[in-house]
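Visitor: all I have is the shape, not the residue letters:
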């Protein structure tokens, strides 16, 4: 059976509605004593919680490396009501209004202590399928805070989670501690940052999103470049292919401004080129979905990412994010309201924790899309996982 029954939804929503509200503390310091108190109370009540974030680093190391503004934990939604009951009795309140299907909740006690509660639910087979969709072996670490043993994020997945964090001396220190202790490779972007500090801010050795730009093909030669970046074309036919693709594009747009909708009607590929120092180094293929299953009113508004090629920059999490972000902006500007992708994997089936390529199989992994706000498409029976993101001007990806 699933560990969270639909019949419990109304009861949990009532608990959330009745839970006290608090304004956030003006300053935060989630000290070790308070962390141990929370985790001990959860253990006494037989509520399994998993420590994440900065305190997970310290748990894996066995000692506190720095101060922390909050405590990040992961908890099964089946235990959320009881856990909130404990927190309410010791002075914590919700910072924001909450709903039963929220993925996370922020609570504060007004005395500088704050907890971010990330909630997940499992299916009948024990797989995490909703809420905060952690990969299968994400929550399997063991550590120690003070004199108590705790469950925490595993070392490999903790390193993986830092792909979304700002690169600075604090996050670098976290990763160097974990990578040195558990003999894990330091992610390339953090390694470059570390090298730049050693060489006294030699910026030239770092690869940064600011060094890149994306362009929509507007000429035949640019379109041919897009086709080449998205294909594996043998060198002996390359020039013929380049000329043919360039001519196809120019024939379609001889009297019209290039646009993805007209291109799709003539079976031209659509997408963006990734450039660095005027050199094309990668591409992303995306465009309107053409399917009989799409309702007429939604035709042209639903787009799909079909392929990503990052070339020699496939190890860079922030270049991957930049490319998805620019694709998002382009889709919005073209009138799209929804962006879909069929990733290589399903979060519940597992993937390598430490990625060597963010564009694996020229599409990438579900976890990384979900970190950017994509969610499973619901209400449709499918054999493959489809992730979807609603496109809005105010979304952080559009900034």
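Guide: Ah, there it is. Because the structure is predicted, anything quoted here is derived from the model rather than measured.

Visitor: pretty sure residue 131 contacts residue 117?
Guide: No: checked against Cβ atoms under 8 Å, the pair residue 131 and residue 117 is beyond contact range at 10.6 Å. Where you see a C-beta, it was placed from the backbone N, CA and C, and this is true even at glycine.

Visitor: show me what contacts residue 391?
Guide: Residues in contact with residue 391 (Cβ atoms under 8 Å, 6 or more residues apart in numbering) are 328, 331, 332, 336, 337, 338, 339, 398.

Visitor: to clarify, my last question referred to residue 214.
Guide: Residue 214 makes contacts with 272, 273, 274, 275, 284, 323, 326, 327, 330, as judged by Cβ under 8 Å, 6+ apart.

Visitor: mind listing what's buried in stretch 89-101?
Guide: The neighbour-count check on stretch 89-101 (16 or more other Cβ atoms under 10 Å) flags 92, 93, 94, 95, 98, 100 as buried.

Visitor: quick one: end-to-end length of that stretch, please.
Guide: 23 Å (Cα to Cα, to the nearest Å).

Visitor: going forward, count from 14.
Guide: I'll keep to 14 as the first residue from here, and by that count the last item is stretch 102-114.

Visitor: and that stretch, how far from the chain's centre?
Guide: 25 Å (Cα atoms, centre = their mean, to the nearest Å).

Visitor: name the nearest of the contacts of residue 227 relative to residue 152.
Guide: residue 336 (29.5 Å; Cβ to Cβ).

Visitor: wait, the closest one touches residue 322, no?
Guide: No: contact status for residue 336 versus residue 322: not in contact, 9.6 Å apart, counting by Cβ under 8 Å.

Visitor: of these two, which one has the most company?
Guide: Comparing residue 336 with residue 322 by other Cβ atoms under 10 Å, the one with more neighbours is residue 336, at 26 against 21.

Visitor: tell me the contacts of that one?
Guide: Residue 336 neighbours (Cβ under 8 Å, 6+ apart): 227, 285, 287, 295, 297, 321, 323.

Visitor: doesn't the fifth one fall inside a strand?
Guide: Looking back up the chat, that one is residue 297. Yes: counting by DSSP: H, G, I helix; E, B strand; the rest coil, residue 297 is part of a strand.

Visitor: that one pairs with what?
Guide: residue 285, residue 321 (DSSP bridges).

Visitor: scan the protein for its longest helix.
Guide: Looking across the chain with DSSP state H, the single longest helix is helix 330-346.

Visitor: from the middle of its chain, how far away would that helix be?
Guide: Remark: helix 330-346 is offset 13 Å from the chain centroid, using Cα atoms, centre = their mean.

Visitor: next secondary structure element downstream of it?
Guide: Counting by DSSP states H and E, the next helix or strand C-terminal to helix 330-346 is strand 351-354.

Visitor: what's the helix or strand following that following strand packed up against?
Guide: Remark: after strand 351-354, the chain's next helix or strand is helix 379-384, criterion DSSP H and E. With contacts taken as 3 or more Cβ pairs under 8 Å, 6 or more residues apart in numbering; DSSP states H and E, helix 379-384 sits against helix 330-346, strand 400-403.

Visitor: this completes my enquiry, with thanks.
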